[in-house]
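I would like to see how this sequence folds:
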Amino acid sequence: MTKGVWFYKMSKTIVSLSEIEKRTTVALINHGAEEWVAKEVAKAVRLAEATGNLICGLYYLESYCMQLLSGRVNGKAIPEVFKPKPGSVLVDAKYGFSQAAFCIGLPNAIKAVTENGIALLGIAHAHTCTSLGYFTKKIAEKGFVGIGFANASSVVAPPGGKKPVLGTNPIAMSVPKKGGGILFQFDQSTSAVALGKITKAKAAGEAIPLGWAVDSRGDPTSNPSEALKGSLVSTGGYKGWGFGLMVEVMAAALTGSVNSLDVKGLKEKTGPPHDLGQTYILIDPTVFTENDFWDRIKRVQTAVNEEENARLPGDSLVYNDPVEIDSMTWARVLELS
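Numbers count the residues shown, from 1 in each chain. A predicted model of the protein is given here:
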């Protein structure tokens, strides 16, 4: 029995996080990634699996490996850092993994926010970042408010339309606790649902709720196959569409990366690099006042906690170890590694 893999339960395999991280690292190295790059990506996969964010974890590993082989992602890229103005840091990922580029850029951004009270960290020409909250969490762990924007391949039509123009274009925010840790965080697509939930429903032969997507004629559909031929819709209609446009500006336009319109499906094995962008805003919570920030956030937290069934987003997040992995998925991980 493989060390770290304990037993089989129905169609699930129980696997330790350390084994997931190790196997992910080896699989990426086997398919052409540099060791330090593979380790950075594996950390993100580990956290996604630990928190049940399955569409951002091992779900992507096979496509990462195949794209390394085809050259769609450069596993040997050395990100380049630019500091165009005080308080701004831009990292050219060179068509490599976002996790590696962020790792290189974050220390520079932390220095910039410490000196200026606020800073921008841009990641340009990168592979999909998958879980945007993974990155804002790292900012908050350093004691700063982290806000992130990332664009993706076009799958969302404008309200009243049927042709995809924007990606799921997520936004994320992580707020630190006074003295260390994360007070709350959220990571959400500006579409009604993440694309991965549609593809997973199709694979499982399940229907999707009405309101998630429209078919190629622009009509609401509960059929995931028809949804994939059509487009997703924005969360909250015009309001969500506005947030999606904001992300396109912040992630694609600001960093000089490609528009969502010009990105082939993120899991496609071959094709041009993703060439996507992300932008992160880092804010010193005490930039204006010493304690008012913490007092105001505490006031909100107390009010929410007084409600029996309410909570701040991410407040009760559970980090599981070991975790259940679909047995077929884990078998494929073993093949790749």
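
skipping adjacent residues, who's closest to the residue sitting nearest the centre point of the chain in space?
Against the mean C-alpha coordinate of the chain, by C-alpha atoms, centre = their mean, the closest residue is Ser131 at 1.8 Å. Spatial nearest neighbour of Ser131, excluding adjacent residues (C-beta to C-beta, 6 or more residues apart in numbering): Cys56 at 3.9 Å. Quick note: C-beta positions are derived from backbone N, CA and C, even for glycine.

ok, that neighbour - contacts?
Counting by C-beta atoms under 8 Å, 6 or more residues apart in numbering, Cys56 touches 44-45, 48, 130-131, 134, 196.

tell me the SS of Ala124?
For Ala124, the assignment made with DSSP: H, G, I helix; E, B strand; the rest coil gives strand.

what's around it, how many residues?
Per other C-beta atoms under 10 Å, the neighbour tally for Ala124 reads 25.

contact partners for the residue nearest to Leu228 when sequence neighbours are not counted?
The shortest distance from Leu228 to any non-neighbouring residue, by C-beta to C-beta, 6+ apart, is to Ile198 (6.2 Å). Ile198 sits next to 208, 212-213, 224, 227-228, 232 when contact means C-beta under 8 Å, 6+ apart.

and the gap between Thr286 and Ile147?
Counting by C-beta to C-beta, to the nearest Å, the gap from Thr286 to Ile147 is 17 Å.

show me which of the two is the more surrounded one.
Ile147 (19 against 14).

so what pairs up with the more buried one in the strands?
Met173, Ile281 (DSSP bridges).

for Thr279, list the residues it contacts.
Thr279 neighbours (C-beta under 8 Å, 6+ apart): 120-123, 148-149, 250-251, 254-255.

list only buried entries from the residues you listed.
120-123, 148-149, 250-251, 254-255 (16 or more other C-beta atoms under 10 Å).

show me those residues that map onto helices.
Among these, no residue falls in helices (DSSP state H).

out of those residues, which is nearest to Ala101?
Ile123 (4.9 Å; C-beta to C-beta).

re the thing from before, verify the stated contact: the residue nearest to the centre of the chain with Ala50.
No. If you go by C-beta atoms under 8 Å, Ser131 and Ala50 don't touch, sitting 11.3 Å apart.

got the contact list for the residue nearest to Lys163 when sequence neighbours are not counted?
With sequence-adjacent residues excluded and distances taken as C-beta to C-beta, 6+ apart, Lys163 is closest to Ala157, at 5.7 Å. Ala157 is in contact with 163-165, 214, 218, 230-233, counting by C-beta under 8 Å, 6+ apart.

any quick ChimeraX command for the buried ones out of these?
Buried residues among those (16+ other C-beta under 10 Å), as a ChimeraX selection:
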select :164,165,214,230,231,232,233
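
which other helices and strands contact the host helix or strand of Lys111?
In the assignment (DSSP states H and E), Lys111 maps to helix 98-116. Packing partners of helix 98-116 (3 or more C-beta pairs under 8 Å, 6 or more residues apart in numbering; DSSP states H and E): helix 35-50, strand 80-82, strand 88-92, strand 118-126, helix 133-141, strand 276-283.

Thr24: which of the ones you listed is closest?
helix 35-50 (4.0 Å).

may I see the buried residues of the closest one?
Applying 16+ other C-beta under 10 Å to helix 35-50 flags 37-50 as buried.

can you put those in a markdown table and add pLDDT and distance to Ser18?
Listed next are the buried residues of helix 35-50 as a markdown table, based on pLDDT from 0 to 100; distance: C-beta to C-beta, whole Å:
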| residue | pLDDT | distance to Ser18 |
| --- | --- | --- |
| Val37 | 98 | 19 |
| Ala38 | 98 | 15 |
| Lys39 | 98 | 13 |
| Glu40 | 98 | 16 |
| Val41 | 98 | 16 |
| Ala42 | 98 | 10 |
| Lys43 | 98 | 12 |
| Ala44 | 98 | 15 |
| Val45 | 98 | 12 |
| Arg46 | 98 | 8 |
| Leu47 | 97 | 13 |
| Ala48 | 97 | 15 |
| Glu49 | 97 | 11 |
| Ala50 | 97 | 11 |
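
what's the closest of those to Ser191?
Looking across those and measuring by C-beta to C-beta, the closest to Ser191 is Ala48, at 18.8 Å.

surely that closest one and Gly133 touch.
No. Between Ala48 and Gly133 there is no contact under C-beta under 8 Å: 9.5 Å.

show the pLDDT at the residue lying closest to Ala112 once chain neighbours are set aside.
Distances taken as C-beta to C-beta, 6+ apart put Ala119 closest to Ala112, at 3.8 Å, once the chain neighbours are dropped. pLDDT for Ala119: 98.

repeat that for Phe7.
44.

what of Gly4?
57.

do Met1 as well
Reading off the model, Met1 has pLDDT 44.
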